[in-house]
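K.L.:
Here you go, sequence then predicted model.
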Amino acid sequence: MPLFTITAEDALRQLDSFDTVIDARSEGEYTEDHLPGAVNWPTLNNEERQAIGTLYKQVNAFEAKKRGAAIAARNISAHIEREVLDKPKGWKPLAYCWRGGKRSGSLSLILSEIGFRVTLIEGGYKAFRNALLEDIPRLAPKFDWRVVCGTTGSGKTRLLQALAAAGAQVLDLEALANHRSSVLGALPGVPQPSQKRFDTLIWDALRRFDPARPVYVESESKKVGNVAIPSALIEAMRAAPCLNLVLSDEERVALLLEDYDFFVQNGEAFCERLDALTELKGKKVVEAWKAQVRGGQIEAVVRDLLLSHYDPVYLQSMARNFKQYAQAQDITPQDRSEPAMRALAATLLTRDAAAAEA
């Protein structure tokens, strides 16, 4: 059966029509980023790819191609034995590698000779990523964004989770970024995705939303930890209507102590993270906070952080960047608990339904 090709732009639209999406690159390339739902069948693994590249540079291309072909044939054989023997004749995979198509082409040629209808992405991952980056500005303005605002500790993430559980459309950028979007927001032991991976995760979420229904998102800054939100998306968010989530200071402190329990349990880690605020707050203030943490007064430090640092910075940023923040509707859960957030989510969705019928 002949090989088929598809442009990267068509692959964006038709991605879900394939039975399997196969990434033929090395595991390192795959980890950095890959197409949504793709499985990794390396034609050359990390070490093999490096070795062949070295041979190519230090000896010549012909010798590198011979050695690479032998390794690729063994790897492709293993993939077929492991993954393909139980596939029906009608199985339709989509395959890609980095750009030139040699690695995915070798795999696809054998699969097509078996009798499967195999499709290759023209230009590989590189072309797909370029098409994806061009597609985000098309998608982002399409949606009815509802920006959940609120000072630090007001429960924005808890509300988004409650909304998602209730069936609302939610874009949780902090969950995609593995970060809570503040100086203290890195999650211990959980690495952030690469910028490429973050972009892909955002695109994959956007393409699944229904433009006829609202999409809830948190009032993020341009960066969530070390990754940046695509400019078209942040612009759409900043122009959208805002909801201002309000909790008392006591509830906010208690919520943060729950959500950042790893700092409560490891005071020295908390102190190390506080060092990042030295330039903004001064060494004297930061050292005083650290002394309180070491003395078991974490709650007092959290309260001071909220009132003297996070709240002023947040309110200034919101007033400067979110056009409709001044007209934001206050929404107030009974408390910080999950049941209270579920009740608030239900109220918001009831309002959405009523507005849609009006």
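P.N.:
Perfect, thanks for sending it.
K.L.:
rest of the way, CA atoms for contacts and neighbours
P.N.:
Noted.
K.L.:
So W98: helix, strand or coil?
P.N.:
Classification of W98 using DSSP: H, G, I helix; E, B strand; the rest coil returns coil.
K.L.:
Wait, it touches E122, no?
P.N.:
No - contact between W98 and E122 fails when scored by CA atoms under 8 Å: they sit 10.2 Å apart.
K.L.:
what about the strands in this protein?
P.N.:
Ranges of strands in the chain, per DSSP state E, are 4-6, 20-23, 39-40, 93-96, 119-121, 144-149, 169-171, 214-218, 223-224, 227-228, 242-245, 329-331.
K.L.:
List the buried residues for stretch 265-272?
P.N.:
Residues of stretch 265-272 classed as buried by neighbour count (16 or more other CA atoms under 10 Å): 267, 270-271.
K.L.:
Just send the strands of the chain back as a markdown table, with mean neighbour count and mean pLDDT too.
P.N.:
Shown next, in a markdown table, are the strands of the chain (neighbours: other CA atoms under 10 Å; pLDDT from 0 to 100):
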| stretch | mean neighbour count | mean pLDDT |
| --- | --- | --- |
| strand 4-6 | 15 | 96 |
| strand 20-23 | 22 | 98 |
| strand 39-40 | 16 | 98 |
| strand 93-96 | 25 | 98 |
| strand 119-121 | 25 | 97 |
| strand 144-149 | 23 | 98 |
| strand 169-171 | 21 | 98 |
| strand 214-218 | 21 | 98 |
| strand 223-224 | 19 | 94 |
| strand 227-228 | 18 | 97 |
| strand 242-245 | 22 | 98 |
| strand 329-331 | 15 | 97 |
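K.L.:
now these in JSON lines, with distance to A131?
P.N.:
Compiled in JSON lines, the strands of the chain are given as follows (distance: least, CA to CA, whole Å):
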{"stretch": "strand 4-6", "distance to A131": "13"}
{"stretch": "strand 20-23", "distance to A131": "17"}
{"stretch": "strand 39-40", "distance to A131": "20"}
{"stretch": "strand 93-96", "distance to A131": "14"}
{"stretch": "strand 119-121", "distance to A131": "12"}
{"stretch": "strand 144-149", "distance to A131": "24"}
{"stretch": "strand 169-171", "distance to A131": "21"}
{"stretch": "strand 214-218", "distance to A131": "23"}
{"stretch": "strand 223-224", "distance to A131": "22"}
{"stretch": "strand 227-228", "distance to A131": "18"}
{"stretch": "strand 242-245", "distance to A131": "31"}
{"stretch": "strand 329-331", "distance to A131": "37"}
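K.L.:
Show me the one of those strands that comes nearest D311.
P.N.:
With CA to CA as the measure, strand 144-149 is the member of the strands of the chain nearest D311 (12.1 Å).
K.L.:
Now do the closest one and strand 214-218, the angle between them.
P.N.:
Calculated by axes from the mean of the first three to the mean of the last three CA atoms, to 10 degrees, strand 144-149 forms an angle of 30 degrees with strand 214-218.
K.L.:
Quick one: low-confidence residue ranges for this structure.
P.N.:
183 (pLDDT under 70).
K.L.:
what's the domain layout of it?
P.N.:
4-133, 143-357 (automatic domain parsing).
K.L.:
Which residue lies nearest the spatial centre of this protein?
P.N.:
The centroid of the chain falls nearest to L176 when counting by CA atoms, centre = their mean (2.8 Å).
K.L.:
Tell me the spacing between that residue and V215.
P.N.:
16 Å (CA to CA, to the nearest Å).
K.L.:
next one: stretch 1-14 to chain centre, how far?
P.N.:
25 Å (CA atoms, centre = their mean, to the nearest Å).
K.L.:
how long is that stretch end to end?
P.N.:
Start-to-end, stretch 1-14 (CA to CA) is 21 Å.
K.L.:
and what of stretch 37-48?
P.N.:
25 Å.
K.L.:
May I see the buried residues of it?
P.N.:
Using 16+ other CA under 10 Å as the test for burial, stretch 37-48 gives 38, 40-45, 48.
K.L.:
Redo these as CSV? Include distance to L163.
P.N.:
CSV is the format used below for these (distance: CA to CA, whole Å):
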residue, distance to L163
A38, 28
N40, 33
W41, 37
P42, 39
T43, 42
L44, 43
N45, 42
E48, 46
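K.L.:
Among these, pick out the one closest to L132, please.
P.N.:
Of the buried residues of stretch 37-48, the one sitting nearest to L132 (CA to CA) turns out to be A38, at 15.2 Å.
K.L.:
How much space separates the closest one from F128?
P.N.:
Relative to F128, and taking CA to CA, A38 is found at 13 Å.
K.L.:
Same question for A346.
P.N.:
39 Å.
K.L.:
higher neighbour count, these two?
P.N.:
Shown here are A346 and F128; by other CA atoms under 10 Å, F128 has more neighbours (24 against 17).
K.L.:
Could you list which residues are in contact with the residue nearest to P211 when sequence neighbours are not counted?
P.N.:
In this structure, P211 finds its nearest non-sequential neighbour in F143, 5.0 Å apart by CA to CA, 6 or more residues apart in numbering. Neighbouring residues of F143 by CA atoms under 8 Å, 6 or more residues apart in numbering: 210-215.
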